[in-house]
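In: structural data only, the sequence is not supplied:
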């Protein structure tokens with residue numbers, strides 16, 4: 001199991017949301033999170049952390065139930081996979097790329113960039 005989705009709050013760095021400490025994922029390759037009402041997935045692959053939309057763009061399968069192999073996130077339902085560098089889908093599929101969001105590791109933890117397509121509602 002990949003863990004329970006967590007809610008993350010926006011903090012004092014404009015344009016960024018702090019996700020927690022650098023080791024937030026521990027040894028888990030996948031961790032679902034909720035940011036401003038959006039379901040995302042943190043993926044640990046090849047020594048880096050990537051944030052992606054959690055639902056497969058094909059039919060909405062929960063990608064947190066998939067797995068990561070060789071820098072690709074595998075859909076648990078269709079055997080399609082996504083390149084974690086740019087979100088492109090594996091050959092033979094004709095749907096849009098997986099949306100990826102920029103993550104930065106800083107001395108005070110992991111930060112998610114608030115970019116186009118990701119709006120954050122603060123309480």
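Out: Arrived safely, thanks for sending. Since we're looking at a predicted model, the values are computed, not measured. Residues are numbered from 1 along each chain as shown.
In: low-confidence ranges in the chain?
Out: For the chain, residues meeting the criterion pLDDT under 70 lie at 1-12, 115-123.
In: let's go with 50 and repeat that
Out: 1-7, 120-123 (pLDDT under 50).
In: tell me which residue of it is furthest from the middle?
Out: Distance from the C-alpha centroid of the chain, by CA atoms, centre = their mean, peaks at residue 92 (23.4 Å).
In: I'd assumed that residue was in a helix, is it?
Out: No. If the criterion is DSSP: H, G, I helix; E, B strand; the rest coil, then residue 92 is coil and not within a helix.
In: how much space between it and residue 82?
Out: As judged by CB to CB, to the nearest Å, residue 92 and residue 82 stand 13 Å apart. Using the backbone N, CA and C atoms, a C-beta is placed for each residue, glycine as well.
In: what of residue 21?
Out: Distance, residue 21 to residue 82, by CB to CB: 26 Å.
In: between these two, which one's more packed in?
Out: A count of neighbours by other CB atoms under 10 Å puts residue 82 above the other of residue 21 and residue 82, at 29 against 11.
In: can you pull the contacts of the nearest residue to that one once chain neighbours are set aside?
Out: Among residues not flanking residue 82 along the chain, residue 98 sits closest, at 4.1 Å (CB to CB, 6 or more residues apart in numbering). Neighbouring residues of residue 98 by CB atoms under 8 Å, 6 or more residues apart in numbering: 52-53, 56-57, 63, 73, 82, 87, 89.
In: one more pass at 10 Å, please.
Out: By CB atoms under 10 Å, 6 or more residues apart in numbering, residue 98 lies in contact with 41, 50, 52-58, 63, 73, 75, 80-84, 86-89.
In: from the residues you listed, which land in strands?
Out: Of the contacts of residue 98, the ones assigned to strands by DSSP state E are 41, 50, 52-53, 73, 81-83.
In: bridged to the nearest residue to residue 90 once chain neighbours are set aside, which residues?
Out: Among residues not flanking residue 90 along the chain, residue 81 sits closest, at 4.5 Å (CB to CB, 6+ apart). In this entry, residue 81 is beta-bridged to residue 74, by DSSP bridges.
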